[in-house]
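Undergrad: let me see the structure of the following:
(one chain, ligands or ions: 2)
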Amino acid sequence: MKRLEFHISYICPHKCIFCSEYDRMKNFERHPLSLLQIKAILIDRRKKWFDHVNFTGWEPTIIPHFLELLKFTKKLWYKIYVWTNWTMFYGDNFAKESLKYIDELSLSVHWYSEETCEKQVWLKYHYKNFSKIIENIEKYKQDNFLFLNIVINKYNYINSEKIIDFVINTWYSFKQVLISLVAPEWSARHNFWELVFDLEDFKKYIPGIIWKANKNNKILRFFWLPSCILWEKYIDYANDSHWEERHTIERFFNKSWKVSLIDVYSPDNSRERCFVDKCKTCKYKANPCTWVFEKYLEYYKFD
Ligand code: SF4
Ligand code: SF4
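TA: Ligands and ions are numbered 1, 2, ... in the order given. Predicted structure coming up:
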């Protein structure tokens, strides 16, 4: 499979405390990609044998003509993955039409109550809308592969099990849960001090999370987590073991400060991460582990 990560949107109604895209995307709010531009890139990459596209950005589903884009993309025989804060799935028609074309859908939920929702995404109504959104997805789903994505940070890392329970109790029939650490990039880099937590402390919650996922027949992955935090017997739960190379297409400023597009190749998942002394002799070095966030070392020990 040849993977494309395509930042098609530069707007989002949320303001998540951990959003790593905020600064960067804000720069391009007034430079949206047209439907024609997106289509032209999809055609070009399909000719280059790309066959899997992840529509992302800020929030991809809110761009104009998103449903038309899905239809078009499917005609090119792409497998379509959508990573969303799921606002648009509140609408019956949107849920019904989009789920005809989306192969893999990842819903982000980082909370389990109105209060924790407001803390994480700054919007109370998001919590209130959740049951209707899940009802729509469950009503109109076809054979879509459904994911749950939980970004953990200082305020919710002890609550991963509670969040999984909360989502299961809404009857969202996700097959895979991704527990993601906050990446110290862009805005999240500036306030990383406010988000980062001690991975040694997180260790004590890991067996419970694994037990919960297994008991409910969910596939589980920990994203960005150094493999040694998981212990040998849990190594397969590290997303590094399952990473596939990809190309990311996104807006950027070129040398003359003109808004342009860039194609970034990522052969592995080592972005913002570094070796420490103990990695030198570690059998997981680079296979599968791609280490620890360099920025993490400013706050906690990792030896
Ligand atoms: S929903 Fe996603 S893009 Fe929007 S603010 Fe939250 S993390 Fe950022
Ligand atoms: S390579 Fe380093 S970070 Fe990864 S498992 Fe080994 S010691 Fe830990």
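
Undergrad: what residues does stretch 56-71 touch?
TA: Contacts to stretch 56-71, defined as C-beta atoms under 8 Å, 6 or more residues apart in numbering, come from residues 5-14, 21, 25, 32-33, 35, 38-39, 55, 80, 82-89, 94, 97-98, 100-102. Any C-beta I mention is one placed from the backbone N, CA and C, and that applies to glycine too.

Undergrad: and that stretch, which residues are buried?
TA: By 16 or more other C-beta atoms under 10 Å, the buried positions in stretch 56-71 come out as Thr56, Gly57, Trp58, Glu59, Pro60, Thr61, Ile62, Ile63, Phe66, Leu67, Leu69, Leu70.

Undergrad: can you add pLDDT and distance to Asp143 and give those back as TSV?
TA: Output for the buried residues of stretch 56-71, formatted as TSV (pLDDT from 0 to 100; distance: C-beta to C-beta, whole Å):
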residue	pLDDT	distance to Asp143
Thr56	94	22
Gly57	86	26
Trp58	90	28
Glu59	94	25
Pro60	96	21
Thr61	97	20
Ile62	96	25
Ile63	96	25
Phe66	98	21
Leu67	98	19
Leu69	98	21
Leu70	98	16
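
Undergrad: check the contacts of stretch 56-71 one by one and keep those near ligand 1.
TA: For ligand 1, the contacts drawn from these by C-beta under 6 Å from any ligand atom are Cys12, His14, Glu21, Asn85.

Undergrad: ok, the third one touching Ala183?
TA: So the one you mean is Glu21. No - look at Glu21 against Ala183 with C-beta atoms under 8 Å: they stay out of range, at 9.8 Å.

Undergrad: picking that back up, which of the buried residues of stretch 56-71 come close to ligand 1?
TA: Trp58, Glu59.

Undergrad: quick one: which of the buried residues of stretch 56-71 is nearest Asp303?
TA: Taking C-beta to C-beta as the measure, Thr56 is the one of the buried residues of stretch 56-71 closest to Asp303, at 34.8 Å.

Undergrad: ligand 1 contacts on the stretch 51-200 of the chain?
TA: Within the stretch 51-200 of the chain, the positions adjacent to ligand 1 are Trp58, Glu59, Asn85 by C-beta under 6 Å from any ligand atom.

Undergrad: leaving out the residues flanking it, which one is nearest to Phe145?
TA: Glu104 (4.5 Å; C-beta to C-beta, 6 or more residues apart in numbering).

Undergrad: and if you look at Ala286?
TA: Once flanking residues are discounted, Ala286 sits nearest to Asp268: 7.7 Å by C-beta to C-beta, 6+ apart.

Undergrad: thought that neighbour was touching Arg246?
TA: No - judged on C-beta under 8 Å, Asp268 makes no contact with Arg246 at a distance of 10.1 Å.

Undergrad: just give me the neighbour total for Ile262.
TA: Neighbourhood size, Ile262 [other C-beta atoms under 10 Å]: 12.

Undergrad: how about the residues of the protein that lie near ligand 2?
TA: Residues of the chain lying close to ligand 2 by C-beta under 6 Å from any ligand atom are Pro226, Ser227, Cys228, Lys278, Cys279, Cys282, Tyr284, Lys285, Cys289, Trp291, Val292.

Undergrad: tally of neighbours for the third one?
TA: Taking other C-beta under 10 Å as the neighbour definition, Cys228 ends up with a count of 19.

Undergrad: who's more crowded, Asp268 and Arg246?
TA: Neighbour comparison, Asp268 and Arg246: the larger count goes to Arg246, with 18 against 14 (by other C-beta under 10 Å).

Undergrad: next SSE after the helix or strand hosting Ile133?
TA: Using DSSP states H and E, Ile133 maps to helix 124-140. Toward the C-terminal end, the helix or strand that comes next after helix 124-140 (DSSP H and E) is strand 145-152.

Undergrad: mind listing what that following strand pairs with, with the direction of each?
TA: strand 104-108 (parallel), strand 176-181 (parallel) (DSSP bridges).

Undergrad: now do the very next helix or strand once past that strand, average pLDDT.
TA: Following the chain from strand 145-152 toward its C-terminal end, the next helix or strand by DSSP H and E is helix 160-169. Across helix 160-169, pLDDT averages out at 96.

Undergrad: between helix 160-169 and strand 104-108, how many degrees?
TA: Helix 160-169 runs at 120 degrees relative to strand 104-108, counting by axes from the mean of the first three to the mean of the last three C-alpha atoms, to 10 degrees.

Undergrad: thinking again about what came up before, what subset of the contacts of stretch 56-71 is buried?
TA: 5-10, 12, 14, 21, 25, 32-33, 35, 38-39, 55, 80, 82-89, 94, 97-98, 101-102.
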